[in-house]
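Peer 1: I need the structure of the sequence given here:
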Amino acid sequence: MARTFRLEVVTPEGSALRCDAQSLQAPGHLGYLGVLPGHAPMLCLLRPGVLSVRAAGEATERIFAVRGGFLEAQPEAVTVLADEVRDAQALDVVELERRIAELPPLPESYPGETIEARARMREQARTERTTQLEWLEAQLEAVHRLHKRG
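Peer 2: Sure, this is the predicted structure:
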């Protein structure tokens, strides 16, 4: 059995990472999942979280924040199609914490002629805020994981 698999992480902007990897941990929709060489074929929805990669020949894992997307695993290759990826080394904790603190609260009332219209607007605003918060928290977690590692 192979000791590595080919990993490619792709965003709408292009390839974010290409390497031979020994292992990968990714934020699956139902929880974190690990991928090793020879993994059974699988397609998985990703949520915002931390993507960690142990590249072949490297002593430490590489840590990234991923906004969401899809992961396709085959025995010899893994492809991550990500909405957005950020290297944890390039992230600023103070800036992320500031952005989280400055997220505007949800309005108490919404314009609209009907209860249904107001409910839709409230749900859309809640979803947008939650999505922003999850992405910021994923980036913050990636930085904390990087520093915890040593």
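
Peer 1: and the residue lying closest to G49 once chain neighbours are set aside, what are its bridge partners?
Peer 2: Nearest non-adjacent residue to G49, counting by C-beta to C-beta, 6 or more residues apart in numbering: P27, 2.6 Å away. All C-beta spots, glycine's among them, are computed from the backbone N, C-alpha and C. Beta-bridge partners for P27, by DSSP bridges, are Y32.

Peer 1: Quick check: P27 vs V85, distance?
Peer 2: To V85, P27 is 12 Å away according to C-beta to C-beta, to the nearest Å.

Peer 1: Would you map out the domains in the chain?
Peer 2: Residue ranges for the domains of the chain, per automatic domain parsing: 5-88, 91-148.

Peer 1: what's the average pLDDT for the last one?
Peer 2: Within the predicted structure, the mean pLDDT of domain 91-148 is 92.

Peer 1: and it, how far from the chain's centre?
Peer 2: Centre-to-centre, domain 91-148 and its host chain are 15 Å apart (C-alpha atoms, centre = their mean, to the nearest Å).

Peer 1: Can you report how many residues neighbour A101?
Peer 2: 8 (other C-beta atoms under 10 Å).

Peer 1: check which helix or strand covers V9.
Peer 2: For V9, the host element (DSSP states H and E) is strand 5-11.

Peer 1: Just give the strands next to that strand in its sheet, each with its orientation.
Peer 2: Here, using DSSP bridges, strand 5-11 pairs with strand 14-28 (antiparallel), strand 77-82 (parallel).

Peer 1: picking up where we left off before, what do P27 and V85 both touch?
Peer 2: Counting by C-beta atoms under 8 Å, 6 or more residues apart in numbering, the residues touching both P27 and V85 are L51, V66.
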